[in-house]
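Colleague: sharing a sequence plus its predicted fold:
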Amino acid sequence: MSPWVLRGLRNGVVTTRWPARPDPYADGWRGPATVLDPRPAGTADLALLCPTGAIGSQPDGSARLDQGRCILCGHCVRARPDVFGWSRGPGGAALTRDGLVVPETGETEQGLAAVRAALRARTAALRRSVHLRHVDAGSDGAEEQEISALLNPVYDIHRLGIFFTASPRHADVLLVTGAGAHGMAEPLRRTYDGMPDPKVVIAVGTDACGGGLLAGSYATSDGIGTVIGVDVWLPGSPPPPFSILHALLSALGRLGDGGKR
Ligand code: SF4
């Protein structure tokens, strides 16, 4: 008997049932840094801890953190564990760019509900079979590894009726990775324009959300938000497959909460 058959019999079914059933592996993933205590003593130097400028302060002097710029380097968590910690679980995506800032400010629940309802109305026709087009707009390749993993036997994205396509004409959802390299701006716009309506854009990873370490560089546009409209912002460097799945299913209205934020 082939060793592959024996291995298959030994391992059994490895495919996750998430989201139909809870998966401890999904809940254990480490997400971007978050603020545990926004009003600690000695906030003056907190911003200096972060190499990407993700940490700042509110008008009242309390700490704030933009997860759309967090590359998970861990400097802030190691230096000030009384102020910063790690977020957990796959639900880190937001429906607005401001929604990635913690502690959450500015957005009223009403405003967020309106954004969520508009997205749900647009994607009502996409609840069954969905096709994804991926565009690399200046990525370092990390997000691509995680997107590729969606096709392996553990995540098996096909079980959810979600497939990749090479043609924008057949695509419903555009996954964009990378910091928004200027050289990819026009191909990205043309891909977006070539997709039929309704279409959904998901910025996958911190680079796509805010530029990451390349923010402020002459070569990028600090994320893809200035190139095309974004419906779902997913931070992480890179975000794991469960987070990408969560962002996708939230955008398609297949999760009860319609997206955490
Ligand atoms: S983990 Fe690193 S990149 Fe993220 S907020 Fe902390 S210092 Fe900044």
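Modeller: Ah, there it is.
Colleague: report the central residue of this structure.
Modeller: Leu234 (1.7 Å; CA atoms, centre = their mean).
Colleague: that one bridge partners, please.
Modeller: With DSSP bridges as the criterion, Leu234 is bridged to Val204.
Colleague: right, and it touches Ala203 too?
Modeller: Yes: assessed by CB atoms under 8 Å, Leu234 is found in contact with Ala203 at 6.4 Å. C-beta coordinates here come from the backbone N, C-alpha and C atoms, glycine included.
Colleague: shared neighbours of those two, which are they?
Modeller: Cys209 (CB atoms under 8 Å, 6 or more residues apart in numbering).
Colleague: ok so, going back, wait, what's in contact with the residue nearest to the centre of the chain?
Modeller: Residues in contact with Leu234, defined by CB under 8 Å, 6+ apart, are Gly92, Ala93, Ile202, Ala203, Val204, Gly205, Ala208, Cys209, Ser243, Ile244, Ala247.
Colleague: check Leu245 too.
Modeller: With CB under 8 Å, 6+ apart, Leu245 has these contacts: Trp18, Pro19, Pro90, Leu150, Tyr155, Ile157, Leu160.
Colleague: make TSV from those and add secondary structure and neighbour count to it.
Modeller: Formatted as TSV, the contacts of Leu245 follow (DSSP: H, G, I helix; E, B strand; the rest coil; neighbours: other CB atoms under 10 Å):
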residue	secondary structure	neighbour count
Trp18	coil	19
Pro19	coil	17
Pro90	coil	28
Leu150	coil	21
Tyr155	coil	21
Ile157	helix	20
Leu160	helix	19
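Colleague: for the closest residue to Ala181 other than its chain neighbours, what is the enclosing helix or strand?
Modeller: Excluding the flanking residues, the one nearest Ala181 by CB to CB, 6 or more residues apart in numbering is Gly138, at 3.0 Å. For Gly138, there is no host helix or strand (DSSP states H and E).
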